[in-house]
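Peer 1: Turn this into a structure:
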Amino acid sequence: MSDNIAQDNEELSFGLIAASGAARSLAFEALKEARNGNFDKADELMRQSQETFVSAHDTQTQLLTREAQGNHIQLDVILVHAQDHLMTSMLAQELIVELINLYRTKQDKQ
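Peer 2: Residues are numbered from 1 along each chain as shown. So this is what the prediction gives:
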């Protein structure tokens, strides 16, 4: 693998880490707002989280496309770490949406 391809893959991995982390942080901010009864703000933060996650997912798609085209991606610790960030962000978003719904239901019943 040429140095340019390896460097590009590393940059994609770091981009994946950054976007996934930002998406997860926004989701947890949304949860905090929901806990405080600020559902409009929570909804807006979740929308931002999901938009940011799409950016991370697009980066993952680029990596998968390269692999499918026969341009083998060397598996390294950074890429594994990036994938971990992506998956934990996805799981956090899914759970936080449910928690926000629970907070909303709780408030509606009071």
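Peer 1: Contacts only, for Ile100.
Peer 2: Residues in contact with Ile100 (C-beta atoms under 8 Å, 6 or more residues apart in numbering) are 30-31, 34, 39, 42-43, 46. The way it works is simple: take the backbone N, C-alpha and C, and place the C-beta from them, glycine included.
Peer 1: Please tell me how far it sits from Ala30.
Peer 2: 7 Å (C-beta to C-beta, to the nearest Å).
Peer 1: Overlap in contacts, those two.
Peer 2: 42-43, 46.
Peer 1: Now, of these, which are buried?
Peer 2: 42, 46 (16 or more other C-beta atoms under 10 Å).
Peer 1: May I see the buried residues of the helix or strand harbouring Glu98?
Peer 2: Using DSSP states H and E, Glu98 maps to helix 77-109. Buried positions in helix 77-109, judged by neighbour count with 16+ other C-beta under 10 Å: 79, 82-83, 85-86, 89-90, 92-93, 96-97, 100, 103.
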